[in-house]
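Asks: A structural model of the following input is requested.
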Amino acid sequence: MVSMKQTRLGDERSRALALLAERPDGCTRAVLLARGFSLALLNQLVRAGLATSLLDRDERREKTIETVRVKITEAGRPALRRPGVSSWNFVGHGGGHNL
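Replies: Sure, this is the predicted structure:
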């Protein structure tokens, strides 16, 4: 039996992966958070190997601007096509770091 929470997480996961799949360069964490995705969900995607997170550093004048960019992985693309399949029980290392 699938709980309401699992269904909502599955929907949110699919929505996040779809957004990342549309953008070859991924999205910044700030954009994903602004679109309503939780930090916990983004961390789950990374830990499950469905997405990666990379820290970008841009040095301008005397300031360094750091942004975290999230990208879908090759493993994330099939998960997007199978929204009913849950990979939350997979404990893997998706590369990158926790957000």
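Asks: Run through the helices of the protein in chain order.
Replies: In the chain, the helices defined using DSSP state H lie at 4-21, 29-34, 39-47, 76-81.
Asks: and these, which is most packed in?
Replies: helix 39-47 (a mean of 18; mean count of other CB atoms under 10 Å). For every residue, glycine as well, the C-beta is placed using N, CA and C.
Asks: which other helices and strands contact that helix?
Replies: Applying 3 or more CB pairs under 8 Å, 6 or more residues apart in numbering; DSSP states H and E, we find helix 39-47 packed against helix 4-21, helix 29-34, strand 51-60, strand 63-72.
Asks: Show the low-confidence segments of the chain, by residue range.
Replies: 1-9, 82-99 (pLDDT under 70).
Asks: just to revisit the earlier point, would you list the helices and strands packed on helix 39-47 in JSON lines and tack on distance to residue 80?
Replies: As requested, the helices and strands packed on helix 39-47 are exported to JSON lines (distance: least, CB to CB, whole Å):
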{"stretch": "helix 4-21", "distance to residue 80": "4"}
{"stretch": "helix 29-34", "distance to residue 80": "15"}
{"stretch": "strand 51-60", "distance to residue 80": "11"}
{"stretch": "strand 63-72", "distance to residue 80": "7"}
